[in-house]
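K.L.:
what follows is a predicted structure for the sequence shown.
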Amino acid sequence: MTETPAPAAKPFLYVVVCAAGVASDVSKLITAAQEKDWEVGVIATPLAMGFFDTDAVETQTGRPIRSAWRRPGDPRPFPAPDAVLVAPATFNTLNKWAAGIADTLALGTLCEVSGLGVPIAVLPCVGEALATHPAYWASLERLRGMGVRFADPYAGDAEQDGGAAEFGWERGLELLAAR
Ligand SMILES: Cc1cc2nc3c(=O)[nH]c(=O)nc-3n(C[C@H](O)[C@H](O)[C@H](O)COP(=O)(O)O)c2cc1C
C-alpha cells in the first residue's frame, strides 16, 4: 500500500520544526496557521522532538507528528503540501538542505518539496556567531536561488527559552502569502 491520502479539505501546510530553543512555542504558529484556515501537518527533525510538547501538538493538529521515515509499503500519512514553512530553521538543517542531504525525514521532505513549485518559507533561528560561517552564507544564497523565502535573521535568546515569545511566528505565514 503506497497510496497518497485524499487531498485535505483545506489547503495543507507542512510545518517543519528543527531543534532550536524557540521550538518550545511552535504551538503559536500552528494556532495562527489554523486561524488562517490552513490544515497543518508537523514534520520534526529527530532532535526537535525533544524541544516541544509533542502530545500537545498532535492534539492541536489532529495528526501524528512525522519524524521518522515510513516503512516501505506504508501509506503516506500526509497529503501533498500546498505550502511549506520551516520554523524554526537551524544552521544544521539549512546547510544540509542546501547541500541536498536527505538523512532525516525533514531534510528529505525539504529536498523534495523544493521541486514541487509550492511556496516555501523559512524562519531561521541561528546565533550571530554561527551565522558568520561562510558555509551558511552560501547555503542561504543557494536556497534563495531556489525560490525559498526567508524572514529576517533571528539569533534567539540563550538566557531563557531561546526567545520563543519574541520569535514572530506570524512572519512565516506573511511570507507564504506575500506572492
Ligand atoms: C537548548 C538548545 C538550543 C539550541 N538552539 C539552536 C538554535 O537556536 N539554532 C541552531 O541553529 N541550533 C540550535 N541548537 C543546536 C541544534 O540543536 C543542533 O545543531 C542540532 O544538530 C540541530 O539538529 P536539526 O537541524 O536536525 O534539528 C540548540 C541546541 C540546544 C541544546
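P.N.:
Yep, it's here.
K.L.:
helices or strands up against the longest helix anywhere in the chain?
P.N.:
If you go by DSSP state H, the chain has its longest helix at helix 134-145. Applying 3 or more Cβ pairs under 8 Å, 6 or more residues apart in numbering; DSSP states H and E, one finds that helix 134-145 makes contact with helix 91-99, strand 149-150. (Each C-beta comes from the backbone N, C-alpha and C, glycine too.)
K.L.:
and the last one, what's its mean pLDDT?
P.N.:
Just to be clear, that refers to strand 149-150. The average pLDDT within strand 149-150 is 97.
K.L.:
give me the contact list for that strand.
P.N.:
119-122, 124, 140, 143-144, 175-176, 178 (Cβ atoms under 8 Å, 6 or more residues apart in numbering).
K.L.:
rewinding a little: may I have the longest helix of the chain as PDB, with CA atoms only?
P.N.:
Only the C-alpha atoms of helix 134-145 are listed here, as PDB (Å, rounded to 0.1, in the frame of the first residue of the first chain):
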ATOM      1  CA  PRO A 134      30.800  31.100   5.200                       C
ATOM      2  CA  ALA A 135      29.000  27.800   4.500                       C
ATOM      3  CA  TYR A 136      25.900  29.400   6.000                       C
ATOM      4  CA  TRP A 137      26.000  32.400   3.600                       C
ATOM      5  CA  ALA A 138      26.400  30.000   0.700                       C
ATOM      6  CA  SER A 139      23.500  27.900   1.800                       C
ATOM      7  CA  LEU A 140      21.200  30.900   2.100                       C
ATOM      8  CA  GLU A 141      22.200  32.100  -1.300                       C
ATOM      9  CA  ARG A 142      21.600  28.700  -2.800                       C
ATOM     10  CA  LEU A 143      18.200  28.300  -1.200                       C
ATOM     11  CA  ARG A 144      17.200  31.800  -2.100                       C
ATOM     12  CA  GLY A 145      18.200  31.000  -5.700                       C
END
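K.L.:
what residues does the protein put near the ligand?
P.N.:
18-21, 45, 47-48, 90-93, 104, 125-126, 156, 162 (Cβ under 6 Å from any ligand atom).
K.L.:
thinking again about what came up before, which other residues reach the longest helix of the chain?
P.N.:
For helix 134-145, the external contacting residues (Cβ under 8 Å, 6+ apart) are 91, 94-95, 97-99, 122, 126, 130, 150.
K.L.:
between those, which is closest to A32?
P.N.:
Nearest to A32 among these is V122, at 16.2 Å by Cβ to Cβ.
K.L.:
please report phi then psi for D82.
P.N.:
Per-residue torsions, D82: phi -90, psi -20 (degrees, to the nearest 10).
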